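>>> sequence and predicted structure are below.
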Amino acid sequence: MKNHSKLPYFILFSLVILVLACNKATNKKDNETILKGSTTIYVDETLAPIIEDQVAVFENEYEAKVKLVAKSESETVNSLFNEKAAIAILSRNLTTEELKIFKQRKINPKITVFATDAVAFISNKSNKDTLVALKDVISFMQGKSVASIKGLVFDNLNSSTVRYMNSLAGINAIPEKGVFSFKSNDEVIKYVSENDGMIGVVGVNWLSQPLPAMQKYVDDVATLSVKGLNGDNYYIPSQNNIAEGKYPLARDLYIINCQGFSGLGMGFASFVAGDVGQRIILKSGLLPVRIPTRKFTIIGKGQNDKK
């Protein structure tokens with residue numbers, strides 16, 4: 001009887017917890033608008049520099065506070081599924097299987113393409129050869145010997161760059177020999193700047209917008225020109241080459257908003273895809289999805305004449 005007598009109290013306690021959780025979720029929706037409130041955004045760490053710039057301007061313009069969490073691509077995607085985050089920024093779209101999971105949860109992700117990034121190959125500046133063929137890198141990824149490549153260095157085994165290159169090479173995991181990984185793009189850049197013969201694989205944004213402490217290491221590496229699988233010419237990952245489709249390792253960037261209400265996810269996506277956000281993209285060296293317009297002041301005839 002004693003055990004049964006405690007049952008109503010347990011049920012009451014559970015109901016209180018459920019009500020408090022519901023009130024917390026409701027209060028978040030009530031207090032958060034598209035331009036006001038606070039939220040957390042998970043971002044693929046290879047894209048962190050440009051998103052940090054976007055968040056800084058967004059917070060300055062509006063009454064918004066964004067907590068940015070930079071993780072590997074795998075961790076960022078998982079944050080959506082385990083509900084640690086409702087907003088994520090990736091270098092790929094959600095897969096059909098991933099969309100099915102959200103559909104089962106009755107969630108319809110709002111997906112915004114906002115820029116085109118590139119995967120860059122870097123080498124020590126003392127290396128006189130600044131050209132590399134993509135087919136050679138793929139062969140090396142497949143475990144084949146390539147005379148011009150001593151080793152490849154990635155940022156993280158779970159990163160978007162590893163997933164991207166594995167996909168190109170048609171492999172599920174990187175080979176045990178000749179391919180190394182660290183914890184960040186900065187560590188890759190530092191390692192390559194201090195070791196001749198290695199090729200680093202990084203997001204191009206880390207080269208165009210380095211932290212002040214990293215500038216000396218960026219100055220000691222060279223961005224390689226890459227020959228695609230189809231064609232004979234080599235191209236660097238410049239804004240112009242990405243825009244013209246010449247650089248073979250370009251990738252679109254996505255904001256995945258799973259909030260399910262008109263919150264900061266919607267507001268931030270609109271901001272990044274809007275005029276100010278696209279100007280930030282353009283200035284960073286990445287390619288915006290739309291080129292921001294320029295305003296010209298037309299001076300009337302005689303207004304500029306000297307008296």
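Noted; the coordinates are in hand.
>>> which secondary structure element is home to residue 98?
helix 96-104 (DSSP states H and E).
>>> buried residues, that helix. List them.
Using 16 or more other Cβ atoms under 10 Å as the test for burial, helix 96-104 gives residue 102. From N, CA and C alone the C-beta is placed, and that goes for glycine too.
>>> what do you get for stretch 254-270?
Neighbour-count burial for stretch 254-270 [16+ other Cβ under 10 Å]: 254-260, 263-269.
>>> could I get those as CSV with pLDDT and distance to residue 195?
Listed next are the buried residues of stretch 254-270 as CSV, based on pLDDT from 0 to 100; distance: Cβ to Cβ, whole Å:
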residue, pLDDT, distance to residue 195
254, 98, 34
255, 98, 36
256, 97, 36
257, 97, 41
258, 96, 41
259, 95, 44
260, 90, 48
263, 96, 46
264, 97, 42
265, 96, 41
266, 96, 45
267, 97, 44
268, 98, 39
269, 97, 40
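>>> so which of the residues you listed are in helices?
Here DSSP state H is the test, and the buried residues of stretch 254-270 give 264, 265, 266, 267, 268, 269 as lying in helices.
>>> who's in contact with the spatially most central residue of the chain?
Closest to where the C-alpha atoms of the chain average out (Cα atoms, centre = their mean) is residue 47, at 3.1 Å. Neighbour list for residue 47: 89, 90, 91, 117, 203, 205, 253 [criterion: Cβ atoms under 8 Å, 6 or more residues apart in numbering].
>>> just residue 228 next, same as before
Residues near residue 228 by Cβ under 8 Å, 6+ apart: 134, 235, 248.
>>> shaky segments in the stretch 201-307 of the chain?
Scanning the stretch 201-307 of the chain with the threshold set as pLDDT under 70 gives 293-307.
>>> quick one: the helices in it, in order.
Per DSSP state H, counting those that start in this stretch, the stretch 201-307 of the chain carries helices over the ranges 205-208, 215-218, 239-243, 264-273, 275-284.
>>> in the stretch 51-200 of the chain, which spans are helices?
73-81, 96-104, 134-141, 160-169, 185-194.
>>> okay, the ones you listed, which one's buried deepest?
helix 185-194 (a mean of 22; mean count of other Cβ atoms under 10 Å).
>>> tell me the gap between stretch 215-229 and the middle of its chain.
Relative to its chain's centre, stretch 215-229 lies at 19 Å (Cα atoms, centre = their mean, to the nearest Å).
>>> including distance to residue 167, could the helices of the stretch 201-307 of the chain go into CSV?
Formatted as CSV, the helices of the stretch 201-307 of the chain follow (distance: least, Cβ to Cβ, whole Å):
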stretch, distance to residue 167
helix 205-208, 20
helix 215-218, 27
helix 239-243, 19
helix 264-273, 26
helix 275-284, 25
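>>> any idea which of those gets closest to residue 53?
In terms of Cβ to Cβ, the element of the helices of the stretch 201-307 of the chain nearest to residue 53 is helix 275-284, at 5.4 Å.
>>> hmm, back to that, columns mean pLDDT and distance to residue 286 on top of the helices of the stretch 51-200 of the chain, output as TSV?
Putting these into TSV (pLDDT from 0 to 100; distance: least, Cβ to Cβ, whole Å) gives the following:
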stretch	mean pLDDT	distance to residue 286
helix 73-81	95	17
helix 96-104	95	25
helix 134-141	96	20
helix 160-169	95	15
helix 185-194	96	15
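>>> which among those is found nearest to residue 52?
With Cβ to Cβ as the measure, helix 185-194 is the member of the helices of the stretch 51-200 of the chain nearest residue 52 (13.2 Å).
>>> follow-up on the earlier one: so what secondary structure elements neighbour the helix holding residue 98?
The contact analysis (3 or more Cβ pairs under 8 Å, 6 or more residues apart in numbering; DSSP states H and E) places helix 96-104 against helix 73-81.
>>> and residue 150, what is it in contact with?
Contact analysis of residue 150 by Cβ under 8 Å, 6+ apart lists 178, 197, 198, 199.
>>> in three-state terms, label the residue nearest to the centre of the chain for me.
Classification of residue 47 using DSSP: H, G, I helix; E, B strand; the rest coil returns helix.
>>> any idea how far it is from residue 251?
Separation of residue 47 from residue 251 (Cβ to Cβ, to the nearest Å) stands at 10 Å.
>>> circling back: name the nearest of the contacts of residue 47 relative to residue 231.
Of all the contacts of residue 47, residue 117 has the smallest distance to residue 231: 21.0 Å, by Cβ to Cβ.
>>> tell me what that closest one is bridged to.
residue 251 (DSSP bridges).
>>> could you identify the most distant pair in the contacts of residue 47?
90 and 205 (14.1 Å).
>>> show me the contact partners of stretch 175-184.
By Cβ under 8 Å, 6+ apart, the residues outside stretch 175-184 that reach it are 45, 140-143, 149-157, 162, 174, 188, 191.
>>> any idea how far apart the tips of that stretch sit?
19 Å (Cα to Cα, to the nearest Å).
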